[in-house]
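Chemist: Pasting a predicted model and its sequence here:
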Amino acid sequence: MGKIPLTFACGLTDRMNALYTGEVRPEGIDINFLAINHPRDVFDRMVGNQEFDASELSASEYITRYVAGDTQFIAIPVFPSRAFRHSFICVNDRTVKKPKDLEGKKIGVQLYTMTAAVWIRGLLEQQGVDLSNVQWIEGAMETGQAHGQPSALPTLKPVAITKNKTGKSLSQLLREGEIDATIGADCPPSLGKVEHVKRLYPNFKEVEKEYWREHHIFPIMHLVVLRRDFYEKHRFAATSLFNALNESKNVAYHRMRFLGALQFMLPWLASELDEIDEVFGGDPWPYGVEENRKTLEALVRFLLEQGMIEREVRVDELFAPVRKEFMKV
């Protein structure tokens, strides 16, 4: 029996490179890897038109749709994108100097339902910040347009969200004092160029390390999904793709640690690697449900608390079963 064709759309990061080049090949699959480096383009094309057999997808978008009964996709526990998000809270420090100052303010966000925003609201609320009276201004960070063409589901409880129709970018609105802060997957270009536009947490690295030590959570942004109809025809593909993606990640992990010729343009990479080992005590980027249970459960809880899902779904329910055939790094 020949290999089945599978079109996979994802950003071309270091952890995906060995799969993209063909150095790693999924068993029984002839993969067509489409490198699309803007996540919103991948998400919109997958959700809107089901253009791919498998793709990277927003974790919050997948979970909200699944809980709402939309099961056109099934996830595998591969997480291409993770990021601590304290550093992505930017403020006009004339009006906001500490987290509690965000209460009742106007805050720009690329997309209210995006995973980065879910994590940021969650971590702020963990610190006792009441966001219930915030006015959310939704739009692109660098232009006066919308952030892609998302088909995200509406929230299940009323939220004060206004589309940005000023013709100005969120960055410009923050610079001119028309909003008090921005959150999301990007920082405003005005950061570092305008004196009063600053990070809420200027010492974000130490804050994020402490967040890890306290909660043991490295926030997941994206996961990988297969179209449900494809999966039902070729169930083995979930395991095959999972193991290939994990092997590709492990290749990148080991190459990163070869310091004879630096893999990245980071002059002090050796120091960074030592710090990763000190903080995480091993691979900071594991795949698999059990390895990420606490982080996934926190995301589900934040989605429930923020009125984006109606029930607290078990994380195991969200993923296709896979048979792991890999050694840990």
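Modeler: Here it is on my side, so go on. The shown structure was predicted, so the numbers you read here are calculated from the model rather than taken from an experiment.

Chemist: Quick test: name the residue nearest the centre of this structure.
Modeler: Taking Cα atoms, centre = their mean, the centroid of the chain lies closest to residue 221, which sits 1.7 Å from it.

Chemist: any idea how far the closest residue in space to that one that isn't next to it in sequence is from residue 171?
Modeler: Once flanking residues are discounted, residue 221 sits nearest to residue 81: 4.0 Å by Cβ to Cβ, 6 or more residues apart in numbering. C-beta: built from backbone N, CA, C; applies to glycine. Shown here: residue 81 relative to residue 171, a distance of 22 Å by Cβ to Cβ, to the nearest Å.

Chemist: Those two: who's more crowded?
Modeler: Neighbours per residue (other Cβ atoms under 10 Å) separate residue 81 from residue 171, with residue 171 holding more: 25 against 20.

Chemist: Now do the contacts for the more buried one.
Modeler: Counting by Cβ atoms under 8 Å, 6 or more residues apart in numbering, residue 171 makes contact with 141, 142, 182, 188, 189, 190.

Chemist: The residue nearest to residue 221 contacts residue 58, correct?
Modeler: No: counting by Cβ atoms under 8 Å, residue 81 stays clear of residue 58, with 9.1 Å between them.

Chemist: what is in contact with those two at once?
Modeler: By Cβ under 8 Å, 6+ apart, the residues touching both residue 81 and residue 58 are 39, 221, 222.

Chemist: List the contacts of the first one.
Modeler: Read it as residue 39. By Cβ under 8 Å, 6+ apart, the residues touching residue 39 are 11, 56, 58, 81, 185, 222.

Chemist: Over to the second one?
Modeler: Contacts here follow Cβ under 8 Å, 6+ apart; on that basis residue 221 touches 58, 59, 79, 81, 82, 83, 115, 116, 119, 185.

Chemist: Return the closest of these with respect to residue 284.
Modeler: For these, the residue nearest residue 284 by Cβ to Cβ is residue 82; the value is 8.1 Å.

Chemist: Is it possible to get a markdown table of the shared contacts of residue 81 and residue 58 that adds secondary structure and pLDDT?
Modeler: Below are those laid out as a markdown table (DSSP: H, G, I helix; E, B strand; the rest coil; pLDDT from 0 to 100):
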| residue | secondary structure | pLDDT |
| --- | --- | --- |
| 39 | helix | 94 |
| 221 | coil | 98 |
| 222 | strand | 98 |
